[in-house]
Every structure is written in C-alpha cells, then in structure tokens.
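J.: sharing a model that was predicted from the sequence below.
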Amino acid sequence: MKIIKLRDDYIKLGQALKAAGLVSSGVEAKEVIQDGLVTVNDETDTRRGRKLYAGDIVEFDGERLKIED
C-alpha cells in the first residue's frame, strides 16, 4: 500500500493517482476515473475532483493508496 501525505486539508482524486505514479498524466487520471476503474473507500467514484482526506483508501489497478496527514 502506497501512502500519500497531505500538504493541505485534502487532495483531489486525480492528483492523488498522479502523485502515487499510478497514472502518467492528468488526462489519464480523468479517463480511468470516468471509466469507473477507481474506488474510494470501496465505492466506485467517477469524480476526478473528489476531495480525499486523511484515512481515505483509494484503489486502482490492484494498487491501494492510503491518504495520511
């Protein structure tokens, strides 16, 4: 499981995927999110701008990300 450390109160879903290296660009992040390939806390979310807070778990392509303070 990869860890994403928050610099602010939250990080957007697309930014988190890119920061973790799971996608190579914002365009790719948009595509995989809109295609329903990403889950947040075990629920599919198609909003690229979804705000993630400490404790959230993101899953994509067999990889899990944990958002921490």
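T.: Perfect, thanks for sending it.
J.: so in the protein, which strand runs the longest?
T.: Identified as the longest strand of the chain according to DSSP state E is strand 63-68.
J.: now for the longest helix that the chain contains, which elements pack on it?
T.: Longest helix of the chain, by residue count under DSSP state H: helix 26-34. Contact analysis of helix 26-34 by 3 or more Cβ pairs under 8 Å, 6 or more residues apart in numbering; DSSP states H and E lists helix 13-19 as its packing neighbours. (Glycine included, C-beta is placed from N, CA and C.)
J.: need the contact partners of the helix it packs on.
T.: For helix 13-19, the surrounding residues in contact (Cβ atoms under 8 Å, 6 or more residues apart in numbering) are 4, 11, 23-26, 29-30, 32-33, 38, 40, 45, 47-52, 58, 60, 65, 67.
J.: mind doing that once more with 10 Å?
T.: 2, 4-6, 10-12, 22-30, 32-33, 38, 40, 45-52, 56, 58, 60-61, 63, 65, 67 (Cβ atoms under 10 Å, 6 or more residues apart in numbering).
J.: now do stretch 40-57
T.: The set of residues external to stretch 40-57 that reach it, using Cβ under 10 Å, 6+ apart, is 1, 4-6, 9-17, 26, 29-39, 58-60, 64-69.
J.: who are the contact partners of the closest residue to residue 52 other than its chain neighbours?
T.: The shortest distance from residue 52 to any non-neighbouring residue, by Cβ to Cβ, 6 or more residues apart in numbering, is to residue 67 (4.8 Å). Residue 67 makes contact with 3-6, 10-11, 16, 40, 52-58, according to Cβ under 10 Å, 6+ apart.
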